[in-house]
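Novice: This is the structure alone, sequence omitted:
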């Protein structure tokens, strides 16, 4: 599905998505029991323990192709299911495309769904989408809140052993696609630049931690079930190098260092906006023995205290009277 901008024009959507087939609930329950029992004996048996997700949490994957005519098909056919729909969009043949093209790039279906979620949450907090005026930077504050919520939600599942690393990675995919395709203007123009900079800095911690999380199960390689690792890493680096210059974000080289340590195979494409020379320049900045990223420490003092998220800027939660007061049709004063 193609998310729409405020003007109604279609954004170009990623070319390929991967659909997660979660194991049956009974299987999950059995896995949890096994994991709990294993945890109590792992120390004595030498069994490998995991920091982020247990091996039994990893879902199998099936390929699904993003359909450019999906919106039109829905209009013509209503909610009628087709055989392809019932098979999660897969007609039984594995999609061969795992590469970046001028049409888009492959991400998981869960990642694409996360991207759509971000767009929807952004529009809930954008007065322009509701024919309202509240104050100049309202949409920017609202987008800051959306990103805070995303990071806090990711924090809630990061160390849950029964949540698949593929599910956790979908948060990074959704965020990266939004950074690549989304409307960043209100966020970048937000007069609370310190809060925005805090979030951008935390994206480095997010990326480094996520690469470590995937590597825990050897999910970073050219043939893994997650073809987007190289792509997302490069787009995140491009975001820091070209889109956040005014924020003077430091330590971007930590992403390169983490990617190298995890075995990311760099595949440079013009569409991604980062060259091999860019990576080499960042690699030079990497310091041996540098302090490691500590998600728990940074999340505890940073986001739980200073970036609480919430729904304070969600216009859909306003009363009819509040909405009328800020309506552009002359129904109210527009005062906050």
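Specialist: It's in. Every value quoted in this text rests on a predicted model; they were computed, and no experiment measured them. Residues are numbered from 1 along each chain as shown.

Novice: low pLDDT regions in the stretch 51-200 of the chain?
Specialist: 59-104 (pLDDT under 70).

Novice: Which parts of it are helices?
Specialist: Remark: helices assigned in the stretch 51-200 of the chain by DSSP state H, counting those that start in this stretch are 70-77, 83-86, 109-124, 138-158, 165-181, 185-188, 193-215.

Novice: Throw the ones you listed into TSV and include mean neighbour count and distance to residue 242, thanks.
Specialist: Where you see a C-beta, it was placed from the backbone N, CA and C, and this is true even at glycine. Putting these into TSV (neighbours: other C-beta atoms under 10 Å; distance: least, C-beta to C-beta, whole Å) gives the following:
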stretch	mean neighbour count	distance to residue 242
helix 70-77	11	31
helix 83-86	10	38
helix 109-124	21	20
helix 138-158	20	19
helix 165-181	24	11
helix 185-188	17	12
helix 193-215	20	13
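
Novice: Nearest to residue 56, out of the ones you listed?
Specialist: Comparing the helices of the stretch 51-200 of the chain against residue 56 with C-beta to C-beta, the closest turns out to be helix 165-181 (11.8 Å).

Novice: and the angle for that closest one with helix 109-124?
Specialist: 50 degrees (axes from the mean of the first three to the mean of the last three C-alpha atoms, to 10 degrees).

Novice: What angle do helix 138-158 and helix 165-181 make with each other?
Specialist: 160 degrees.

Novice: Contact partners for residue 272?
Specialist: Neighbour list for residue 272: 100, 105, 231, 234, 235, 238 [criterion: C-beta atoms under 8 Å, 6 or more residues apart in numbering].

Novice: Mind doing that once more with 7 Å?
Specialist: For residue 272, the contacting residues are 100, 231, 234, 235, 238, by C-beta atoms under 7 Å, 6 or more residues apart in numbering.

Novice: between the helices of the stretch 51-200 of the chain, which gets nearest to residue 293?
Specialist: Closest among the helices of the stretch 51-200 of the chain, using C-beta to C-beta: helix 193-215, at 4.5 Å.

Novice: can I get the helices of the stretch 51-200 of the chain in TSV with distance to residue 307?
Specialist: What follows is those, written out as TSV (distance: least, C-beta to C-beta, whole Å):
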stretch	distance to residue 307
helix 70-77	35
helix 83-86	39
helix 109-124	15
helix 138-158	4
helix 165-181	15
helix 185-188	14
helix 193-215	7
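
Novice: Look up how far residue 254 lies from residue 110.
Specialist: Counting by C-beta to C-beta, to the nearest Å, the gap from residue 110 to residue 254 is 26 Å.

Novice: ok, back up a step: so which of the contacts of residue 272 is the closest to residue 193?
Specialist: residue 238 (20.8 Å).
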